[in-house]
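**Q** task: produce atomic coordinates for the following.
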Amino acid sequence: MHKYAVVIDFDGTITCNDMGLAVITEFGAPGWEEGIQKYRSGEFNSMELHRWEASFLPSTRVKEMTELAVGGAEIRPGLRELVEYAAARKIPVEITSSGWSFYIKAILQRHGLGEIPFTSASADFDGGEFATHGLSPGATHCEINGVCKCDRVRPHQEAGMTVIYVGDGLSDFCVAAQADMVFARRTLAEHCELEGIAFTPFDDFFEVLDGIRRLIESEA
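**A** Coordinates of the predicted model:
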């Protein structure tokens, strides 16, 4: 029987909305929107946009930013059931994200999902007026997205596992081509269709769970 691992994006995948965007929209210092304009014009890639936005997060408002993210985050249905199913079968599950670790950690803990390991970007509030962009422990740098999601897939593959990736957006384009199986929605689904990458569409994690369950049962 194959061994499997599951790697999942966070904003827009685990959460129904983008909490990083919610945080920067509410608390970003004047001028942060210019980064969006630079990104849309092609002057910035994703990494440059994330670095720009971090530099507009005020260090004095970390608690308020965290509370906004925790209070506004809606977890996509079925995640807990997927995690429990995987744990019972010793299938590793992890999260990889271009979002900031301070709100990812808080949201997971609030919903009783703090045991799921994650790698992400970080907003480092080191005493300066605004944050600086960094990486959480275990994350590696990507010149395009800021966080290399492919580096979270390759170790599982090198250990002989079939890696299932679940995502929704631009920062998932590269890793979708690296993973063995893909569950996609929104922009990632459109990308996979254009690039001929096989994927299964999903709206919630119950559908992901059903797909994984059928896959494993077919090997029994």
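
**Q** ok, now which ones touch the closest residue to residue 129 other than its chain neighbours?
**A** Closest residue to residue 129 apart from its sequence neighbours, by C-beta to C-beta, 6 or more residues apart in numbering: residue 59 at 6.0 Å. The way it works is simple: take the backbone N, C-alpha and C, and place the C-beta from them, glycine included. Residue 59 sits next to 125-131 when contact means C-beta atoms under 8 Å, 6 or more residues apart in numbering.

**Q** where's the dip in pLDDT among these?
**A** The member of these with the lowest pLDDT is residue 127, and it reads 72.

**Q** remind me which helix or strand it belongs to.
**A** In this structure, residue 127 sits in neither a helix nor a strand according to DSSP states H and E.

**Q** please report how far the closest residue to it other than its chain neighbours lies from residue 107.
**A** With C-beta to C-beta, 6+ apart as the criterion, residue 127 has its nearest non-adjacent residue at 7.1 Å, and that residue is residue 59. Residue 59 sits 20 Å away from residue 107, going by C-beta to C-beta, to the nearest Å.

**Q** quick revisit: for residue 128, see how far away the residue nearest to residue 127 is.
**A** Distance, residue 59 to residue 128, using C-beta to C-beta: 6 Å.

**Q** what about the longest helix in the protein?
**A** Assignment by DSSP state H gives helix 205-217 as the longest helix of the chain.

**Q** now it: mean pLDDT?
**A** Helix 205-217 comes out at a mean pLDDT of 96.

**Q** kindly export it (C-alpha atoms) in PDB.
**A** These are the backbone C-alpha positions of helix 205-217, laid out as PDB (Å, rounded to 0.1, in the frame of the first residue of the first chain):
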ATOM      1  CA  PHE A 205     -12.500  19.400   3.100                       C
ATOM      2  CA  PHE A 206     -15.200  16.700   3.300                       C
ATOM      3  CA  GLU A 207     -14.700  16.400  -0.500                       C
ATOM      4  CA  VAL A 208     -11.000  16.200   0.000                       C
ATOM      5  CA  LEU A 209     -11.500  13.500   2.700                       C
ATOM      6  CA  ASP A 210     -13.800  11.500   0.400                       C
ATOM      7  CA  GLY A 211     -11.300  11.600  -2.400                       C
ATOM      8  CA  ILE A 212      -8.500  10.400  -0.100                       C
ATOM      9  CA  ARG A 213     -10.700   7.800   1.500                       C
ATOM     10  CA  ARG A 214     -11.700   6.400  -1.900                       C
ATOM     11  CA  LEU A 215      -8.000   6.300  -3.000                       C
ATOM     12  CA  ILE A 216      -6.900   4.400   0.000                       C
ATOM     13  CA  GLU A 217      -9.800   2.000   0.000                       C
END
